[in-house]
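Colleague: got a structure for you, letters missing:
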């Protein structure tokens, strides 16, 4: 039985003729891999690819989460657990909603570091009454919360319901409105957006402001004021402050008995239209008949 030796690498290479296609390919490959920069680039690319694959599989994140969770749990075993929540600035924000955001587990207190102040801040500011919240952790076991609540300035009458509106035109709430029944009522689809501006202007005219009972948005362009005594004031679209100056002067000078007037039309820049109340009109009509 004869055994034939299988040609080795040198034998095959010796059989290749110089200049043949296979010889040229092998020579090019040897020159390619003999370049140090090419090898370094290949190794770097392979390393980056492996790291990217690990990151995509979230192994580093899982390890970081494990380490972080272990450290937080360790602080809890050391006694740094949440035991108290101190809230300042709360007046109208519902207590139950605040406690739902920051819950204290009396039976199994959680580590203080397990509570993220930024997350608590965001959740508190989602409560309609809260305009801004500041949250701090205080060792050994307290969370301090400072609230800035929204200040209601009007009651928006919309679809047979009333809603509190703040000084920025934000809708606050439609519940428990009994304490705010002295606020002026605003009417109109876009009334909450524009009401803060007209109310700010009215602060310059306290005699008018204290008699104000309602503001009605007309055509999304202008306001009608309703004052106590069933007096309606029609304001213009522009130069509203000038019209309020005329109204304020009229009220201070007592040139017109406002008790006998139902409408004062200030839409005209240089003129004023006054309409008598039905009772006053009937009385004057009766006097005319007597004369």
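Modeller: Done, it's in. Since this is a predicted model, take the numbers as computed values, not measurements. Numbering: from 1, shown residues only.
Colleague: for residue 224, phi and psi?
Modeller: Dihedral pair for residue 224: phi -110, psi 130, per degrees, to the nearest 10.
Colleague: now residue 156
Modeller: As for residue 156, its main-chain torsions (degrees, to the nearest 10) stand at phi -90, psi 120.
Colleague: Kindly provide the distance from residue 177 to residue 162.
Modeller: Residue 177 is 6 Å from residue 162, where distance means Cβ to Cβ, to the nearest Å. Backbone N, C-alpha and C define where each C-beta goes, glycine included.
Colleague: what's the overlap in contacts for these two?
Modeller: residue 155 (Cβ atoms under 8 Å, 6 or more residues apart in numbering).
Colleague: Where does the prediction get shaky in the stretch 1-150 of the chain?
Modeller: In the prediction, the stretch 1-150 of the chain carries residues with pLDDT under 70 at positions 1-80, 104-108.
Colleague: repeat that for 50
Modeller: Applying pLDDT under 50 to the stretch 1-150 of the chain picks out residues 1, 3, 5, 11, 13-15, 66.
Colleague: Can you list the buried residues in stretch 206-223?
Modeller: Counting neighbours by 16 or more other Cβ atoms under 10 Å, one finds that the buried residues in stretch 206-223 are 208, 209, 211, 212, 214, 215, 216, 217, 222, 223.
Colleague: May I ask which helix or strand encompasses the residue nearest to residue 277 when sequence neighbours are not counted?
Modeller: In space, and not counting its chain neighbours, residue 277 is closest to residue 262: 4.2 Å by Cβ to Cβ, 6 or more residues apart in numbering. When elements are assigned from DSSP states H and E, residue 262 belongs to strand 261-265.
Colleague: So which other helices or strands are in contact with that strand?
Modeller: When contacts are defined as 3 or more Cβ pairs under 8 Å, 6 or more residues apart in numbering; DSSP states H and E, strand 261-265 sits against strand 231-234, strand 273-276.
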